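Asker: only the shape, not the letters, is given here:
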């Protein structure tokens, strides 16, 4: 149970942080492209209570997570995170069973993700390697949504400002697009790392189940 709760904490962080990135990216769009929007909104913001502002922030975080789940499903279904099989080489002396190479099927490992998480023991993944791999992958996917939101919002606000700050807006969109491409590449790398962690966790469980437990000696 403790393992599941710990993983839930990582997933919560993977929701909150990308939501904050979304807020920052959208704030940057307004600040660079049409600052008059911010000046017009400030009186209204001052009248809103802390609970309303917190609720708006939480809503943005939840929407970022929801869109991230949809993006995650699309990337997995279309297999846009890399090939479906990969040849992995293990340096000599690393694997206790002497394995030097194996064929990794990352999408197959992903489909067994939640079944494996539900079966984790409290003593498994003691150092949190699997938890970090999962959180980093989901964090990257959700952050891609944050940058995509900025790319969509920028031309809309540029149109609202009658294209007054065209050059700064184009530069900002270019910077966000570059961040999106970097995030996509990181997502591909994190997906492979996550698949390796899932494979290692599942292999450890299989090895443990096949190992006979010591029997008490009759005295």
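Answerer: Perfect, I can see it now. Predicted, not measured: the structure shown is a model, and the values here were computed from it. Residues are numbered from 1 along each chain as shown.
Asker: what's the helix or strand for the residue nearest the centre of the chain?
Answerer: Using Cα atoms, centre = their mean, the residue of the chain that lies closest to the mean C-alpha position is residue 138, 1.8 Å off. Counting by DSSP states H and E, the element that carries residue 138 is helix 129-160.
Asker: mind giving me the packing neighbours of the helix or strand following that helix?
Answerer: The first helix or strand that comes after helix 129-160 along the chain, using DSSP H and E, is helix 166-210. Packed against helix 166-210 by the contact rule (3 or more Cβ pairs under 8 Å, 6 or more residues apart in numbering; DSSP states H and E) you find helix 2-33, strand 101-104, helix 106-111, helix 113-118, helix 129-160. Every C-beta, even on glycine, is put in place using the N, C-alpha and C of the backbone.
Asker: quick check: buried residues in the third one?
Answerer: Within helix 106-111, the residues that count as buried by 16 or more other Cβ atoms under 10 Å are 106, 107, 109, 110.
Asker: quick one: it to chain centroid distance?
Answerer: Chain-centre distance of helix 106-111: 16 Å, with Cα atoms, centre = their mean, to the nearest Å.
Asker: also stretch 105-121?
Answerer: For stretch 105-121, the distance to the chain centre is 16 Å (Cα atoms, centre = their mean).
Asker: try stretch 131-138
Answerer: Computed by Cα atoms, centre = their mean, the chain-centroid distance of stretch 131-138 equals 6 Å.
Asker: now do that stretch, average pLDDT.
Answerer: In this model, stretch 131-138 carries a mean pLDDT of 87.
Asker: just name the shakiest helix or strand of this protein by mean pLDDT.
Answerer: helix 35-47 (a mean of 75; mean pLDDT, DSSP states H and E).
Asker: list the helices and strands the helix holding residue 138 packs on?
Answerer: Other elements packing on helix 129-160 under the criterion 3+ Cβ pairs under 8 Å, 6+ apart are helix 2-33, helix 50-77, helix 166-210.
Asker: tell me the angle of the first one relative to helix 35-47?
Answerer: Okay, so that is helix 2-33. 130 degrees (axes from the mean of the first three to the mean of the last three Cα atoms, to 10 degrees).
Asker: for helix 2-33, which positions count as buried?
Answerer: Neighbour-count burial for helix 2-33 flags 3, 7, 10, 14-19, 21-23, 25-26, 28-30, 32-33 (criterion: 16+ other Cβ under 10 Å).
Asker: quick one: end-to-end length of stretch 75-94, please.
Answerer: 32 Å (Cα to Cα, to the nearest Å).
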